[in-house]
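Novice: one predicted model, sequence on top.
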Amino acid sequence: MTLAQKRDELRQELRTRFIEPEEFCELAVSSRKLVRSDVSAASVKGLYSPDDNLYYFVEEERLDNFRTARVLDSQPLQIA
């Protein structure tokens, strides 16, 4: 099974949402009760919300690209 097929299979599951990298990062640092639920075979990072009974996924390469862009766009700290 290809990577794309594995991801498509995940997308078909009822309690699964693929979200944007920014939303994934916001969820990861939120105060919500979440459990890491990565699926390495599909190269996705995941968070499970027991309160909603939902899985939130983002493709690893999209998350990596988002993080890299955030680092490159950040301004260096200035000493006052």
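Specialist: Everything's here; your move. Numbers count the residues shown, from 1 in each chain.
Novice: you'd agree Leu10 is up against Ala41?
Specialist: No. If you go by Cβ atoms under 8 Å, Leu10 and Ala41 don't touch, sitting 9.7 Å apart. The way it works is simple: take the backbone N, C-alpha and C, and place the C-beta from them, glycine included.
Novice: point out where this protein drops to low pLDDT.
Specialist: Within the chain, the stretches with pLDDT under 70 are 70-80.
Novice: select the longest helix from it.
Specialist: The longest helix of the chain (DSSP state H) is helix 60-73.
Novice: buried set for it?
Specialist: Buried positions in helix 60-73, judged by neighbour count with 16 or more other Cβ atoms under 10 Å: 60, 63, 66.
Novice: so which of the residues you listed comes closest to Lys33?
Specialist: Set against Lys33, the nearest of the buried residues of helix 60-73 by Cβ to Cβ is Leu63 (21.1 Å).
Novice: ok, that closest one - contacts?
Specialist: Applying Cβ atoms under 8 Å, 6 or more residues apart in numbering to Leu63 gives the contacts 21, 24-25, 45.
Novice: burial measure for the residue nearest to Met1 when sequence neighbours are not counted, as a count.
Specialist: Using Cβ to Cβ, 6 or more residues apart in numbering and skipping residues adjacent in sequence, the residue nearest Met1 is Glu9, 7.8 Å away. Neighbour count of Glu9, defined by other Cβ atoms under 10 Å: 14.
Novice: specify the beta-bridge partners of Phe18.
Specialist: Taking DSSP bridges, one obtains Phe57 as the residues bridged to Phe18.
Novice: so Glu23 is in which element?
Specialist: Using DSSP states H and E, Glu23 sits in helix 21-28.
Novice: quick one: residues in contact with that helix.
Specialist: Here helix 21-28 makes contact (Cβ under 8 Å, 6+ apart) with 19, 34, 45, 47, 56, 58, 62-63, 65-67.
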